[in-house]
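J.: Sequence and predicted structure, then a few things I'm wondering about:
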Amino acid sequence: MSALPADPQQLAIFIAQLAVPLCLGALGVAFTLAIAGHTTARRLWPAGARTRAQIATTGAVCLLCALLLFAALASAVSGDGRLVQFDHALADAMAAHQPAGTLRVFARLTHFGDTIVLTTLCIVGAAALLAGGERLLAASWVAAIGGNSLLNHSLKAMFERVRPLHEHGQIWETSWSFPSGHSSGTLVAYGMAAWILMQLLPARWHLAVLLGAVAIALVTALSRIVLHVHFASDVMAGFASGSAWLTLCITVAALFCRRPGRMMQPSGRRNA
């Protein structure tokens, strides 16, 4: 395989022409990292037991990393530097090189992050948790999805970045572009769903749940770039802001719902 082009314009064209295989490759890398992280966590805490200090420290480190990434991206897109130039070059390249069939597929995949989908998921999930007597989990679930929606709308209004031009007719977006609400929304909603399910389901289901959440969040985020309704930096910023909020929600929930000897054990249940 030839070396990657050094020129941002050529790199953008290279990415656009290989969008589908690159998306599949990104999914493979994400799965590998998720499996490695899951395996490492099980070895470090074989019974799921963590102290309050470990929960708080882990949460603080992850939150800080996410905030620093978002701050760096926000600073970069505020001017006309190389990242902004690459953003526009990639959006233009996607518009020029994506066939209608590819756009139709990604237009369907992007619905995982639609407001109506996430709102319905929030209501149904909260009702199911309340019916099962999991009031703290239900509150955490609603706070995660609802809070992220408010955060994203606030950030969009703060930066007021105009979206790239998209006239393919598959979908049409009119709100501000930075950060991507679909990216942050799917990361928070499906990430929180995975965390909650990992507290309630036997251990043999944990990895499958985790990989499912990773797949949905990543595919939805990548669809926003392929459909050129968002710049690449919008998607990265959405992941950064979503990661920060998800980390905060999970950390607080883990501390409040924690049972002695385990990170969490709702309603006296134990993982198989």
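T.: Thanks, I have the structure now.
J.: Where does the prediction get shaky in the stretch 1-150 of the chain?
T.: Residue ranges of the stretch 1-150 of the chain with pLDDT under 70: 1-6, 47-49.
J.: which residues in it form strands?
T.: Secondary structure of the stretch 1-150 of the chain (DSSP state E, counting those that start in this stretch): no strands located.
J.: Could you tell me which residues within stretch 200-211 count as buried?
T.: With burial defined by 16 or more other CB atoms under 10 Å, the residues of stretch 200-211 counted as buried are 200, 206, 207, 209, 210, 211. Just so you know, the C-beta spots here come from the backbone N, C-alpha and C atoms, and that holds for glycine as well.
J.: can I get those in CSV with pLDDT and distance to residue 132?
T.: As requested, these are exported to CSV (pLDDT from 0 to 100; distance: CB to CB, whole Å):
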residue, pLDDT, distance to residue 132
200, 92, 8
206, 94, 18
207, 95, 23
209, 97, 17
210, 96, 21
211, 97, 24
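J.: if I pick the residue nearest to the spatial centre of the chain, what's in contact with it?
T.: Central residue check for the chain by CA atoms, centre = their mean: the C-alpha nearest the mean position is that of residue 187, 2.5 Å away. For residue 187, the contacting residues are 217, 221, 238, 239, 242, 243, 246, by CB atoms under 8 Å, 6 or more residues apart in numbering.
J.: So which of those are in helices?
T.: 217, 221, 238, 239, 242, 243, 246 (DSSP state H).
J.: which one of these is nearest residue 66?
T.: residue 243 (4.0 Å; CB to CB).
J.: any idea how far residue 238 is from the residue nearest to that closest one when sequence neighbours are not counted?
T.: Spatial nearest neighbour of residue 243, chain neighbours left out: residue 66 (4.0 Å); criterion: CB to CB, 6 or more residues apart in numbering. Here the criterion is CB to CB, to the nearest Å. By it, residue 66 lies 11 Å from residue 238.
J.: more neighbours, the two?
T.: residue 238 (32 against 20; other CB atoms under 10 Å).
J.: wait, isn't that one in contact with residue 180?
T.: Yes. Counting by CB atoms under 8 Å, residue 238 sits close enough to residue 180 to count as a contact (3.4 Å).
J.: which residues do these two both contact?
T.: Common neighbours of residue 238 and residue 180, using CB under 8 Å, 6+ apart, are 221, 230.
J.: what about stretch 230-240, average pLDDT?
T.: The average pLDDT for stretch 230-240 rounds to 96.
J.: residues in contact with it?
T.: Contacts with stretch 230-240, where a contact means CB under 8 Å, 6+ apart, come from 66-67, 69-70, 73-74, 76-77, 83-84, 86-88, 90-91, 152, 161, 163-164, 177-185, 187, 221-222, 224-225.
J.: again, only using 7 Å
T.: For stretch 230-240, the external contacting residues (CB atoms under 7 Å, 6 or more residues apart in numbering) are 66, 69-70, 73-74, 76-77, 83, 87, 90-91, 163-164, 177-181, 183-184, 187, 221, 224-225.
J.: In helices only, show me the residues you listed.
T.: Residues of these located in helices (DSSP H): 66, 69-70, 73-74, 76-77, 83, 87, 90-91, 181, 183-184, 187, 221, 224-225.
J.: check which helix or strand covers the closest residue to residue 181 other than its chain neighbours.
T.: Sequence neighbours aside, residue 152 is the residue nearest to residue 181 in space, at 4.5 Å (criterion: CB to CB, 6+ apart). According to DSSP states H and E, residue 152 maps onto helix 135-159.
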